[in-house]
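>>> Below are the sequence and a predicted model for it; my questions follow.
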Amino acid sequence: MGHVVVRPIELGDIAGFASCTAAVIVERVWLAHNAPFPIDETARFVAHNVRTGNPQFVAEDGGRIVGWCDVVRSTVPVYRHCGTLGIGVLESHRGQGLGLRLMATTLAAARTAGMERVDLAVYARNTRATALYRKAGFRDLGVRRNGKKLDGEYDDVLLMDIALQEATT
């Protein structure tokens, strides 16, 4: 791994981001989707995040997007203080601290944007990610037993959150 830069996503990153997410999706292990997103859907997602100020960062290594992290604020009025975290890192760049860098940067931006809480869901078999989330400060909320079913096999879904700002009540 060369010198990896973590920076805000730009509209010019859409193709690289799409390629990176597709590579993680086709592993069919870590994410809830099992087929890559169409490029126009990816473009709408990135443009929405840029336009609305949802924190979205990418990890770039030699001009190639090798990871991402985003927090998408809820659109439901009474949940606007909350967001949902999404993250992925290419296999070649895992286990080197990049996920923690991406999360720390993205969560700091979410805090600055006024978000008070960030939620996530992770598969129970993904013990490396679960340990990473706990290291970043996420706490366990609950479990959706058999919440994932892929190719006839089940996995539990762990629900986690982190408070970015203390509630006043």
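Good, I have the coordinates.

>>> quick one, strands of the chain?
4-8, 56-61, 64-73, 82-89, 117-123, 139-150, 153-163 (DSSP state E).

>>> Columns mean pLDDT on top of the ones you listed, output as TSV?
Output for the strands of the chain, formatted as TSV (pLDDT from 0 to 100):
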stretch	mean pLDDT
strand 4-8	97
strand 56-61	98
strand 64-73	98
strand 82-89	97
strand 117-123	97
strand 139-150	96
strand 153-163	96
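
>>> Between these, which one is closest to residue 102.
With C-beta to C-beta as the criterion, residue 102 lies closest to strand 64-73 of the strands of the chain, at 3.8 Å. For every residue, glycine as well, the C-beta is placed using N, CA and C.

>>> Dump that closest one to CSV, restricted to CA.
The C-alpha coordinates for strand 64-73 follow below in CSV (Å, rounded to 0.1, in the frame of the first residue of the first chain):
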residue,chain,number,x,y,z
ARG,A,64,-7.4,4.6,-7.3
ILE,A,65,-10.3,4.6,-4.8
VAL,A,66,-9.6,1.8,-2.4
GLY,A,67,-12.2,2.5,0.3
TRP,A,68,-15.0,4.7,1.4
CYS,A,69,-17.1,5.7,4.4
ASP,A,70,-20.3,7.7,4.5
VAL,A,71,-23.0,8.8,7.0
VAL,A,72,-26.4,9.4,5.4
ARG,A,73,-28.6,11.6,7.5
